[in-house]
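S.K.: Structure, please.
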Amino acid sequence: MRTGEVHGLKWKYIDFERRLILVRESIVLNEEDELKTDGSIRDIQMNELVYKALQAQFEVTSMKSEYVFCQRNFKPID
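M.R.: I've put the predicted structure just below:
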């Protein structure tokens, strides 16, 4: 994933059941943005390591932020 896609990754785009990361948005220069091309919109299959890491991250941030990875104030990473 591109940096902006990771920063803009929201929990609603994590499908633990099918083990997919749905790449749909990004954050660039502190602004949420839709992806520029249809080719950028994609689903990424999680391997076991990523699946377990995201489950652990879910325990930390899911109830405090819509973003998977966030700052200590639960705002998206800039």
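S.K.: quick one, what contacts the residue nearest the centre of the chain?
M.R.: Centroid check for the chain by CA atoms, centre = their mean gives L9 as the closest residue, at 2.1 Å. Contact analysis of L9 by CB atoms under 8 Å, 6 or more residues apart in numbering lists M1, I21, V23, E25, Y67, V68, F69. For glycine as for every other residue, the C-beta is placed from the backbone atoms N, C-alpha and C.
S.K.: after the worst-scoring helix or strand of the chain on mean pLDDT, next one along is what?
M.R.: None of the helices or strands of the chain scores lower by mean pLDDT, DSSP states H and E than strand 31-34, at a mean of 70. Using DSSP states H and E, the helix or strand that follows strand 31-34 in sequence is strand 42-45.
S.K.: Could you pull up the mean pLDDT of that following strand?
M.R.: In this model, strand 42-45 has a mean pLDDT of 96.
S.K.: Mind listing residues that contact it?
M.R.: The contact list for strand 42-45 (CB under 8 Å, 6+ apart) reads M1, R19, L20, I21, L22, V23.
S.K.: I'd like to know the average pLDDT value across the helix ranked longest in the chain.
M.R.: In the chain, with assignment by DSSP state H, the single longest helix is helix 48-61. Mean pLDDT, helix 48-61: 97.
S.K.: buried ones in it?
M.R.: Residues of helix 48-61 classed as buried under the neighbour-count rule (16 or more other CB atoms under 10 Å) are L54.
S.K.: Check which helices and strands it is in contact with.
M.R.: When contacts are defined as 3 or more CB pairs under 8 Å, 6 or more residues apart in numbering; DSSP states H and E, helix 48-61 packs onto no helix or strand at all.
S.K.: Please enumerate residues in contact with that helix?
M.R.: By CB under 8 Å, 6+ apart, the residues outside helix 48-61 that reach it are W11, I14, F16, R19, I21, M46, Y67, V68, F69, C70, F74.
S.K.: for stretch 64-78, same thing?
M.R.: For stretch 64-78, contacts defined as CB under 8 Å, 6+ apart pick out 6-12, 14, 27, 30, 32, 54, 57, 61.
S.K.: got a list of what E32 touches?
M.R.: Contacts of E32 by CB under 8 Å, 6+ apart are G8, E25, S26, P76.
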